[in-house]
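**Student:** Structure of the sequence below:
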Amino acid sequence: MSHNVMTYNADHQLVQQLDKTLPPPVEVAQKILAGFDRHYSLFRYVAQRAKSLFESHDWHGIQRVSKERIEYYDIRVRECTYQVNNMLNKTQGMPQEKHGDLTPQQINYWQTIKQEYVRLLANHQQPECAETFFNSVTCRILHRDYFHNAFLFVRPAIATEYLDSEHQSYRVYYPHIHGIEKCIIKMVADYGLAAPFKNLPYDARKVARRAVGILRQKLIKSGGKRIAPDCQIHVLNTLFFRNKGAYIVGRFINNNIVYPFGIPLLHTPANEIELDAFLSTTDDISTLFSFTRAYFLVDMEVPSAYVAFLSSLLPSKPKAELYTAIGLQKQGKTLFYRDFLYHLKNSHDQFDIAPGIKGMVMTVFTLPSYPYVFKLIRDRINKDGMTHDIVMKKYHMVKMHDRVGRMADTWEYSLVALPRNRCSPALLEELRSQVPKLIEETKDSIVIRHVYIERRMTPLNIFLSQANDEALDNAIKGYGDAIAELAAANIFAGDMLFKNFGVTRLGRIVFYDYDEIQPMREMNFRAIPQAPNEEAEMSGEPWYPIHPNDVFPEEFERFLLGNPRVRAAFMKHHPYLLDYKWWQTRKDRVAAGKIEDIFPYPFSRRLHVRQPELTNQKEL
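**Tutor:** Next up is the predicted model:
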């Protein structure tokens with residue numbers, strides 16, 4: 001018998017001998033796993049529902065179930081925590097309140113529960129997610145002094161590298177046997193969509209021609225060989241649904257080189273399905289799975305197999321972001337935190353105040369060697385009418401909303417301990433003066449009670465100050481597109497100063513200051529009335545009544561366009577943003593329930609000639 005098994009048996013016997021009134025550890029472990037299994041069955045059900053909603057082009061239904069699913073995890077965790085507490089409190093073997101002073105018996109008891117849980121996961125299909133669920137429940141019961149690997153899964157216990165279901169997570173097609181067009185037709189048909197296609201053979205021919213052309217260009221550019229006779233097409237078994245699109249995600253393998261691809265499926269105005277585009281670059285696929293977009297609805301029996309497949313397409317994208325992109329954001333949080341702890345252990349730089357203009361609502365700091373920022377709500381917010389509760393509601397609103405590629409997703413954490421000696425003196429002074437209620441100092445640590453973590457981007461105001469004419473022109477175009485696309489998605493950005501936008505690695509402009517966002521439906525867009533006389537016009541005070549949520553778009557010019565270069569680029573691309581009629585028309589479309597076509601790929605990738613999406617057309 002191994003030493004580990006002997007230790008387990010000794011601990012188990014100790015628990016039973018010390019207090020037989022406690023429920024057996026295996027029963028507690030089973031209760032927690034049952035809570036996770038219930039959560040994941042509901043998670044999969046929503047993804048399965050998405051298929052029928054797409055088939056019936058019920059876009060509002062897809063948005064509704066997407067929002068509902070985000071809440072499922074926390075609901076199940078609260079439900080399971082209540083059940084476990086009931087089990088323990090009935091025996092009077094555990095106190096009802098969390099505390100930091102467990103008895104030796106309780107320590108052994110909880111460690112045995114974890115050991116039993118590991119045994120239950122031996123043949124589980126989602127062990128990594130089940131471990132995270134165990135952490136979530138246990139952290140609600142135990143004190144933070146016990147947030148380490150003896151009680152939680154700080155490190156994973158079950159390997160998932162070669163885990164897959166009985167039926168492989170992806171399908172394989174062989175172009176050298178049937179030809180690439182027939183492979184594409186069969187590939188699409190195998191998804192079993194219960195809706196008519198407009199002309200699938202025609203679309204398959206266009207995809208095949210574009211794919212072969214792009215592949216040959218890549219082979220020539222790299223000096224590679226011709227397309228091999230044993231080349232293969234792999235596609236994940238289920239479609240990825242989001243908003244009005246369904247996506248085939250796959251890879252073409254030629255001479256052991258992986259070429260990623262994606263094929264969006266859309267409904268035509270006649271409610272027929274067609275293949276809309278062919279995405280063939282790593283940047284295309286990275287944008288598809290960006291942290292600035294809502295979570296996909298995808299039915300996965302073995303999520304780790306899907307993430308492994310996606311990692312083969314995007315080897316530089318952290319698995320934490322991939323899990324988040326497929327809707328398992330809590331698993332994404334777990335992996336991010338593990339990566340963060342590993343990085344802290346293997347780096348030496350200091351946390352410091354983030355560069356840029358300080359905000360009135362948030363204190364922001366960063367670790368230069370790590371591509372994320374840490375945002376804390378100030379104790380004293382220097383903005384009228386703004387409170388902690390309002391800010392948190394705004395961030396929750398973004399979490400629940402379709403971000404259309406223009407708002408950064410955030411991970412929200414509690415009780416994060418940072419090494420005190422890794423915090424710069426300037427940051428320590430900032431934390432003590434601006435967020436004293438959010439921190440607790442110990443001899444070695446700074447414990448942060450609540451923090452938002454986001455991908456780090458270059459602030460747009462800093463980017464513009466350093467940009468050449470071409471880069472500035474592209475950035476201002478992206479800035480206006482971001483505002484227009486957010487408006488189309490029922491988000492009024494509020495504070496549109498350049499410092500509140502960032503530039504991503506791929507050059508996209510993203511909004512990240514959420515304390516003043518509001519639904520478009522709640523806003524009232526107005527023109528400034530003509531002044532009754534010259535005296536009124538010269539006055540520093542408005543001569544017209546202003547009501548809550550009134551917005552005067554022509555005022556944007558005064559706040560945003562002082563720089564002549566910026567003004568020229570803005571007026572070239574987005575003069576309509578200064579016209580209240582454009583904003584009112586956009587509001588009316590949102591109020592009428594119109595869901596605009598805003599997709600994560602450029603017009604040049606599309607297979608059919610169509611009008612550009614309605615996001616910034618002047619006629620609106």
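
**Student:** Make sure Asp515 is actually in contact with Met392.
**Tutor:** No - Asp515 is not in contact with Met392 according to CB atoms under 8 Å; the separation is 9.9 Å. C-beta: built from backbone N, CA, C; applies to glycine.

**Student:** what touches both of these two?
**Tutor:** Common neighbours of Asp515 and Met392 are not found (criterion: CB atoms under 8 Å, 6 or more residues apart in numbering).

**Student:** Give me the more crowded residue out of the two.
**Tutor:** Neighbour comparison, Asp515 and Met392: the larger count goes to Asp515, with 21 against 15 (by other CB atoms under 10 Å).

**Student:** Assign that one to helix, strand or coil.
**Tutor:** Taken by DSSP: H, G, I helix; E, B strand; the rest coil, the conformation at Asp515 corresponds to coil.

**Student:** Nearest spatial neighbour of it, chain-adjacent residues omitted?
**Tutor:** Distances taken as CB to CB, 6 or more residues apart in numbering put Val361 closest to Asp515, at 4.6 Å, once the chain neighbours are dropped.

**Student:** how far away is that neighbour from Lys394?
**Tutor:** Going from Val361 to Lys394 by CB to CB, to the nearest Å gives 10 Å.

**Student:** the more surrounded of the two?
**Tutor:** It is Val361, of Val361 and Lys394, that has more neighbours when counted by other CB under 10 Å, with 22 against 19.

**Student:** Now the helix or strand encompassing Leu431: buried residues?
**Tutor:** Secondary structure here is read from DSSP states H and E; on that basis Leu431 sits in helix 425-434. Across helix 425-434, burial judged by 16 or more other CB atoms under 10 Å covers Leu427, Glu430, Leu431, Gln434.

**Student:** Next: stretch 170-177.
**Tutor:** Tyr170, Arg171, Tyr173, Pro175.

**Student:** Identify the residues contacting the residue lying closest to Lys383 once chain neighbours are set aside.
**Tutor:** In this structure, Lys383 finds its nearest non-sequential neighbour in Met360, 4.8 Å apart by CB to CB, 6+ apart. In this structure, Met360 makes contact with Arg378, Ile381, Asn382, Lys383, Met386, judged by CB under 8 Å, 6+ apart.

**Student:** Closest one of those to Glu131?
**Tutor:** Distance from Glu131 was checked for each of the contacts of Met360 by CB to CB. The minimum falls on Arg378, at 35.0 Å.

**Student:** Sketch out the low-pLDDT regions of the protein for me.
**Tutor:** Counting by pLDDT under 70, the chain contains low-confidence ranges at 1-20, 90-100, 222-225, 609-620.

**Student:** care to break it down by domain?
**Tutor:** The record assigns the chain these domain ranges, following automatic domain parsing: 3-146, 170-342, 347-455, 459-605.

**Student:** Just to be sure, Val447 is in a strand?
**Tutor:** Yes - with three-state DSSP as the criterion, Val447 is located in a strand.

**Student:** Against Arg420, how distant is it?
**Tutor:** Computed as CB to CB, the Val447 to Arg420 distance reads 10 Å.

**Student:** Between those two, which contacts overlap?
**Tutor:** With contacts taken as CB under 8 Å, 6+ apart, the residues that reach both Val447 and Arg420 are Glu441.

**Student:** Show me the contact partners of stretch 394-404.
**Tutor:** Counting by CB under 8 Å, 6+ apart, residues outside stretch 394-404 touching it are 63, 66-67, 70, 243, 292-294, 407, 409-410, 412, 452, 485-486, 488-491, 514-517, 598.

**Student:** Distance from that stretch to the middle of the chain?
**Tutor:** 10 Å (CA atoms, centre = their mean, to the nearest Å).

**Student:** In that stretch, which residues are buried?
**Tutor:** For stretch 394-404, a neighbour-count test (16+ other CB under 10 Å) marks Lys394, Tyr395, Val398, Lys399, His401, Asp402, Arg403, Val404 as buried.

**Student:** which one of those sits closest to Pro532?
**Tutor:** When the buried residues of stretch 394-404 are compared for distance to Pro532 (CB to CB), Lys394 comes out closest, at 37.8 Å.

**Student:** which residue packs closest to the closest one, ignoring adjacent ones?
**Tutor:** The shortest distance from Lys394 to any residue that is not its chain neighbour, by CB to CB, 6+ apart, is 4.5 Å, and that residue is Tyr514.

**Student:** Neighbours of the one you found, how many?
**Tutor:** Each residue near Tyr514 was counted by other CB under 10 Å, and the total is 26.

**Student:** got a list of what it touches?
**Tutor:** Contacts for Tyr514 (CB under 8 Å, 6+ apart) come out as Val391, Lys394, Tyr395, Met397, Val398, Met407.

**Student:** Kindly recompute the last result at 10 Å.
**Tutor:** With contacts defined as CB atoms under 10 Å, 6 or more residues apart in numbering, the neighbours of Tyr514 are 361-362, 375, 391, 393-399, 407-408, 410, 452, 491, 493-495, 500.

**Student:** looking at the domains of the chain, which is closest to Ile158?
**Tutor:** With CB to CB as the criterion, Ile158 lies closest to domain 3-146 of those, at 3.8 Å.

**Student:** Excluding chain neighbours, give the residue nearest to Arg140 in space.
**Tutor:** The spatial neighbour of Arg140 that comes closest, neighbours along the chain excluded (CB to CB, 6+ apart), is Thr81 at 4.6 Å.

**Student:** before we move on, what about Tyr40?
**Tutor:** Gln126 (5.7 Å).

**Student:** how many neighbours does the one you found have?
**Tutor:** Neighbour tally, Gln126, other CB under 10 Å: 26.

**Student:** Now do it against Gly540, distance only.
**Tutor:** Computed with CB to CB, the distance linking Gln126 and Gly540 is 62 Å.

**Student:** So what would you say the end-to-end distance of stretch 192-211 is?
**Tutor:** Taking CA to CA, to the nearest Å, stretch 192-211 runs 23 Å from one end to the other.

**Student:** Distance-wise, check the residue nearest to Ala270 when sequence neighbours are not counted relative to Leu275.
**Tutor:** Of all residues not flanking Ala270 in the chain, Lys198 sits nearest, at 7.4 Å (CB to CB, 6+ apart). Relative to Leu275, Lys198 is positioned 9 Å away (criterion: CB to CB).

**Student:** now do Ile546
**Tutor:** 50 Å.

**Student:** neighbour-wise, which of the two wins?
**Tutor:** Regarding Ile546 and Leu275, a neighbour count based on other CB under 10 Å identifies Leu275 as having more, with 24 against 11.

**Student:** List phi and psi for the nearest residue to that one once chain neighbours are set aside.
**Tutor:** Leaving out its chain neighbours, the residue that sits closest to Leu275 by CB to CB, 6+ apart is Asp203, at 3.9 Å. Here the main-chain torsion angles of Asp203 (degrees, to the nearest 10) amount to phi -60, psi -40.

**Student:** what's near enough to touch the residue nearest to Tyr40?
**Tutor:** Gln126 makes contacts with 36-37, 39-40, 43-44, 132-133, 158, 160, 163, 300-304, 328, 331, as judged by CB under 10 Å, 6+ apart.

**Student:** Can you tell me the SS state at Val249?
**Tutor:** Strictly by three-state DSSP, Val249 counts as strand.
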